[in-house]
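>>> one predicted model, sequence on top.
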Amino acid sequence: MGHHAREMVSARRLASFAARRAFASAPRVPGPGTPPPPGGFKQPPVPESLRGVHRIIAVASGKGGVGKSTTAVNLACATARALNLRVGLLDADVFGPSVPILMNLADAGMPAIDERKRMLPLENYGVKCMSMGFLIPEERAAVWRGPMVMGALGKMVRDTAWAPLDVLFVDMPPGTGDAQISISQQIPLTGAVIVSTPQEIALADVRRGVNMYTKVAAPILGFVENMAHFVDANGEKVYVFGEGGVRRTAAEQGVELLGEVPLDPSIGTSSDAGRPVAVSQPDGIAGKLYEAMARRLIEKTQPFPEPS
């Protein structure tokens, strides 16, 4: 059997195993088109694999392309660097995993397995990371249906040695559909941070995101406005995508605006190089913003109660 064939067999076996595990132990959620019950869903209990993880914060967006993963990575790195906390980062965006590149772990290889058959997260910048990008080759698309996707996510949650952690950030898939609801039913969330750009088309998705996370009993911890403006050669702020859209939406929804991140080419350049600005430029404008947002998230959240 050639190398390519062995890779395909390995990926199929992983997906099949993960799907079986998920169906055996994951909580059931309504199918497509089924309205949630009155009052919404209840938060799931903390699974054994996450005991010793004190907070779990989802970083979400109503649509793709707004800088959600960049925000998640920089919040995680800022929390580890500036607050000196134990931090994890789960890449739940199965179809577009970007954490391996953003965290400079694309060439780090497969996670090791401990004596309890758990995967050991790969680590960089003081952040423990797990991503589907570590488990299948970069050039192979994850052409999976819903149960297989949820099975793989369940494996990354249940079969990973996360603890002990002060906070686990979850880079959610974009959108507000069945996948996001299912993840929220598998992982007890301290709360969610919603990332958006200022355009009205993105803000409409923010409102849907608030509605969804409210229904799954996950508090909205705050909004992040990404690509808020850029500073021209004269030092003037230029609002390319409109001014203050996320701030107004935050006021309408009664949600805190955690920060307005500028449209800064260095953020993209650093991200592509696997050097988040929270690490490479902590004293820059964006680096300081991410640190301030990380501090605020820790200040306004409480650790999970210790299991009895």
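Sure, I can see it.

>>> need the contact partners of stretch 239-258.
193-194, 196-200, 202-203, 206-207, 210, 220-225, 227-230, 260, 263, 293, 296-297, 300 (CB atoms under 8 Å, 6 or more residues apart in numbering). (C-beta placed from N, C-alpha, C; glycine too.)

>>> below-threshold pLDDT in this structure: ranges please.
1-42, 137-150, 307-308 (pLDDT under 70).

>>> strands of that one, start to end?
56-60, 87-91, 122-124, 127-131, 167-171, 191-196, 220-225, 230-231, 237-238, 257-260 (DSSP state E).

>>> okay if I get those as CSV plus distance to residue 273?
Converted to CSV, those look like this (distance: least, CB to CB, whole Å):
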stretch, distance to residue 273
strand 56-60, 21
strand 87-91, 18
strand 122-124, 13
strand 127-131, 17
strand 167-171, 19
strand 191-196, 21
strand 220-225, 22
strand 230-231, 20
strand 237-238, 26
strand 257-260, 23
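
>>> residue 305 is nearest to which of the ones you listed?
strand 56-60 (13.5 Å; CB to CB).

>>> quick revisit: how about the strands of the chain, which one is nearest residue 304?
That would be strand 56-60 among the strands of the chain, by CB to CB, at 8.1 Å.

>>> sorry, back to before: so which of the strands of the chain comes closest to residue 110?
Of the strands of the chain, the one closest to residue 110 (CB to CB) turns out to be strand 122-124, at 8.9 Å.

>>> please tell me how far the residue nearest to residue 220 when sequence neighbours are not counted sits from residue 272.
Distance criterion CB to CB, 6 or more residues apart in numbering; nearest residue to residue 220, sequence neighbours excluded, is residue 255 at 5.0 Å. Counting by CB to CB, to the nearest Å, the separation of residue 255 from residue 272 is 31 Å.

>>> what does residue 217 give?
Relative to residue 272, and taking CB to CB, residue 217 is found at 37 Å.

>>> so those two - more neighbours on which side?
For the pair residue 217 and residue 272, the greater number of neighbours falls to residue 217 (15 against 10), based on other CB atoms under 10 Å.

>>> for the more buried one, which non-adjacent residue is closest in space?
residue 43 is the one closest to residue 217 (CB to CB, 6+ apart), at 4.9 Å.

>>> neighbours around the one you found, how many?
With other CB under 10 Å as criterion, residue 43 counts 15.

>>> residues contacting it?
188, 189, 216, 217, 218.

>>> the helices in the stretch 1-150 of the chain, which residues?
3-25, 68-83, 99-102, 146-158 (DSSP state H, counting those that start in this stretch).

>>> so what's residue 80 up against?
86, 87, 125, 126, 127.

>>> between these, which is nearest residue 281?
residue 125 (13.1 Å).

>>> my read: that closest one touches residue 77, true?
Yes - if you go by CB atoms under 8 Å, residue 125 and residue 77 touch, sitting 4.9 Å apart.

>>> neighbours around the closest residue to residue 212 other than its chain neighbours, how many?
The shortest distance from residue 212 to any non-neighbouring residue, by CB to CB, 6+ apart, is to residue 176 (4.4 Å). Residue 176: 23 surrounding residues under other CB under 10 Å.

>>> just flag the most distant two among the contacts of residue 43.
The most distant members of the contacts of residue 43, if one measures by CB to CB, are 188 and 216, lying 10.3 Å apart.

>>> thinking again about what came up before, and the residue nearest to residue 217, how far from residue 86?
22 Å.

>>> next one: residue 120
For residue 120, the distance to residue 86 - CB to CB - is 15 Å.

>>> so between the two, which is more surrounded?
Neighbour count, other CB under 10 Å: between residue 120 and residue 86, residue 86 has more, with 19 against 14.

>>> relative to residue 119, how far out is residue 61?
From residue 61 over to residue 119 (counting by CB to CB), the distance is 27 Å.

>>> also residue 251?
The value you get for residue 251 to residue 119, if CB to CB is used, is 43 Å.
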